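Undergrad: Attaching a predicted model along with its sequence, questions to come.
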Amino acid sequence: MRRDRIGIAVIGFGWMGKAHSRSYARIPMIFPDRTYDPELAVCADTVESRRVDAIESFGFRETVDDWHVAMSHPDVEVVVVCAPNMLHEEMVIAAAEVGKHVFCEKPVGGTPDQTVRIEKACRAAGVITGVGYNYRFAPLVQYAKQLIDDGDLGSITNYRGRFFTMYGADPLGLLSWRFQLDQGGHGVSTDILSHSMDLAMLLNGPITRVVGTGETFIRQRPLPKKGGTHYDRGDPDDPTGEVTNEDYFGALVVFANGSRGTFEASRSMIGPESQMAFDVYGTRGALGWNLEKLNELRLYLADDSARGYTTVFGGDRYPYHGNFVPGDANSIGFEDLVTIEDHEFLSAVAADRKHVASFDEAIEFVSVQAALIRSWESARWEDVVSIREE
Ligand SMILES: NC(=O)c1ccc[n+]([C@@H]2O[C@H](COP(=O)([O-])OP(=O)(O)OC[C@H]3O[C@@H](n4cnc5c(N)ncnc54)[C@H](O)[C@@H]3O)[C@@H](O)[C@H]2O)c1
């Protein structure tokens, strides 16, 4: 089979830079029907040990400490931005201006204004874009969408979304870039609420009105060490700095289809460790999914004679599951979703067509986020208006 070679530059080689790089390396073994072959051309990171790892363990051909060099590299067709959020704007726009297709980790910039400028620049440059809303690609999330679209739940009346993680629950957790407005942008409303609301809009359509509130519960954290991540801990005697974005955001929303929704996102609570979860309720049924049990979908169909929630296990009858493991109830994991996402994006690049989710979906979310931030300030309901710029 004829396959296009797609040279890739990964910018930022932390958690997600490595996750995407592992995907590109194993895509040939997982997707035999692919129309392209990914090539790990260049990796850019400011931390030397990560650059060494990129060459020695991941097989990148080259590394650079200055990301600008990677943008104009002749072997690169696709730039993958996995750096801290407030660096996204400069990096993505530089890539688009030299005609590279861009995949940017969510949320595409740290603030709604930045996302707007990024989307506009990429549209003007005519490049293919992708945003890292990887949970869309969970096979059972796809199945949930099919059930909702087919009307199996009847009319949707209410939607409950949440992203509860504990990555910021320890007050000794380092003051990494995520906790600082000038590096991470807004807090959980940018970081994890974006995932939750993106899934809600995928499953239940646009959001038209919102009221929301946020809070920062842990206001000081130990200063970070170079190369540290938000999972590293400091010591009680370490010097501390101020947390400048929110730990918590909660919202009540109205969807365009008339249903109502509630959302909560928190990084500092104790208990739920990674509950990226939703519940959808309709006039004839309900379903629920939770990343902590990503191979299970809870389904309630009112027409069933045996009433009650049943558990549907993942398996190769759902999209892409069988690329990883055959049969029923054999599990897949977080990075498998990233690999499906990367395969979808590179397939779109090879076919020169739009990818979903693109920066269009990123704009849809930040339009809701902008209304939520207005509501937090005004303490009133706010209409969602698109902030996309012509
Ligand atoms: N889709 C998801 O599920 C998911 C999960 C985690 C993170 N993310 C997103 O991925 C992005 C990266 O997050 P992470 O958790 O991988 O962060 P991380 O802190 O683990 O990694 C960031 C990397 O960027 C590097 N870096 C910093 N400044 C740089 C510069 N000027 N040039 C080149 N490299 C630079 C750092 O050295 C580090 O290796 C963020 O936008 C985040 O929101 C998405």
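TA: Structure's in. What do you need? Numbering: from 1, shown residues only.

Undergrad: Which part of the stretch 51-200 of the chain gets nearest to the ligand, residue-wise?
TA: Of all residues in the stretch 51-200 of the chain, E105 sits closest to the ligand, at 3.3 Å by CB to the nearest ligand atom. Quick note: C-beta positions are derived from backbone N, CA and C, even for glycine.

Undergrad: nearest spatial neighbour of that residue, skipping sequence neighbours?
TA: Nearest residue to E105, sequence neighbours excluded (CB to CB, 6 or more residues apart in numbering): G132, at 4.2 Å.

Undergrad: In this structure that neighbour contacts H88, no?
TA: No - in this structure, G132 is not within contact of H88 by CB atoms under 8 Å, at 10.9 Å.

Undergrad: between these two, what contacts are shared?
TA: C104, E105 (CB atoms under 8 Å, 6 or more residues apart in numbering).

Undergrad: So what's the predicted local confidence for A306?
TA: Reported pLDDT at A306 in the predicted model: 76.

Undergrad: swap in the one 10 residues further on?
TA: D316 carries a pLDDT score of 98 in this model.

Undergrad: can you tell me how far it sits from the ligand?
TA: Note on D316: its distance to the ligand, by CB to the nearest ligand atom, to the nearest Å, is 24 Å.

Undergrad: what comes into contact with the one helix or strand V80 maps to?
TA: Using DSSP states H and E, V80 sits within strand 78-81. Applying CB under 8 Å, 6+ apart, the contact partners of strand 78-81 are 6-12, 17, 20, 70-71, 87-88, 91-92, 95, 100-105, 346, 349.

Undergrad: Next secondary structure after it?
TA: Per DSSP H and E, the first helix or strand lying C-terminal to strand 78-81 is helix 88-97.

Undergrad: The strand holding V80 vs the ligand: in contact?
TA: No - interface with the ligand: strand 78-81 contributes nothing (CB under 6 Å from any ligand atom), its closest point being 7.6 Å away.

Undergrad: Partner strands of that strand, with direction?
TA: Using DSSP bridges, the strands paired with strand 78-81 are strand 4-11 (parallel), strand 101-104 (parallel).

Undergrad: and those strands, which is most packed in?
TA: Mean neighbours per residue, mean count of other CB atoms under 10 Å, is largest over the strands paired with strand 78-81 for strand 101-104, with a mean of 28.

Undergrad: and it, how far from the chain's centre?
TA: Offset of strand 101-104 from its chain centre (CA atoms, centre = their mean, to the nearest Å): 13 Å.

Undergrad: Run through who's touching it.
TA: Counting by CB under 8 Å, 6+ apart, 20, 77-81, 88, 91-92, 95-96, 118, 122, 127-132, 342, 345, 349, 359, 362 sit against strand 101-104.

Undergrad: Quick check: mean pLDDT of that strand?
TA: pLDDT averaged over strand 101-104 gives 98.

Undergrad: What is whichever helix or strand comes after that strand packed up against?
TA: Using DSSP H and E, the helix or strand that directly follows strand 101-104 along the chain is helix 112-125. On a contact count with 3 or more CB pairs under 8 Å, 6 or more residues apart in numbering; DSSP states H and E, helix 112-125 meets helix 88-97, helix 359-378.

Undergrad: which strands and helices sit next to the last one?
TA: Helices and strands in packing contact with helix 359-378 are listed as helix 112-125, strand 129-131, helix 188-191, helix 193-204, strand 207-215, strand 248-255, strand 382-383; criterion 3+ CB pairs under 8 Å, 6+ apart.

Undergrad: export those to TSV and tack on mean pLDDT?
TA: Below are the helices and strands packed on helix 359-378 laid out as TSV (pLDDT from 0 to 100):
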stretch	mean pLDDT
helix 112-125	98
strand 129-131	98
helix 188-191	95
helix 193-204	98
strand 207-215	98
strand 248-255	98
strand 382-383	98
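
Undergrad: want to try CSV for those, with distance to the ligand as columns?
TA: Formatted as CSV, the helices and strands packed on helix 359-378 follow (distance: least, CB to the nearest ligand atom, whole Å):
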stretch, distance to the ligand
helix 112-125, 12
strand 129-131, 9
helix 188-191, 6
helix 193-204, 7
strand 207-215, 17
strand 248-255, 15
strand 382-383, 25
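
Undergrad: closest to A41 out of those?
TA: strand 129-131 (17.6 Å; CB to CB).

Undergrad: quick one: the next helix or strand after that closest one near the ligand?
TA: Downstream of strand 129-131, the next assigned helix or strand under DSSP H and E is helix 139-149. No - for helix 139-149 and the ligand, the contact criterion (CB under 6 Å from any ligand atom) is not met; the two come no nearer than 13.4 Å.

Undergrad: With just CA atoms, put helix 139-149 into PDB.
TA: Written as PDB, here are the backbone C-alpha positions of helix 139-149 (Å, rounded to 0.1, in the frame of the first residue of the first chain):
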ATOM      1  CA  PRO A 139     -14.900   3.500  22.100                       C
ATOM      2  CA  LEU A 140     -17.700   3.500  24.700                       C
ATOM      3  CA  VAL A 141     -18.100   7.300  24.500                       C
ATOM      4  CA  GLN A 142     -18.600   6.800  20.700                       C
ATOM      5  CA  TYR A 143     -21.200   4.200  21.500                       C
ATOM      6  CA  ALA A 144     -22.900   6.500  24.000                       C
ATOM      7  CA  LYS A 145     -23.100   9.100  21.200                       C
ATOM      8  CA  GLN A 146     -24.600   6.600  18.800                       C
ATOM      9  CA  LEU A 147     -27.200   5.600  21.400                       C
ATOM     10  CA  ILE A 148     -28.100   9.300  22.000                       C
ATOM     11  CA  ASP A 149     -28.200  10.200  18.300                       C
END
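
Undergrad: can you give me the helices in the stretch 201-350 of the chain?
TA: For the stretch 201-350 of the chain, the helices defined by DSSP state H, counting those that start in this stretch cover 321-324, 334-351.

Undergrad: Which single residue of the stretch 1-150 of the chain ends up nearest the ligand?
TA: Counting by CB to the nearest ligand atom, the stretch 1-150 of the chain gets nearest to the ligand through G14 (1.8 Å).
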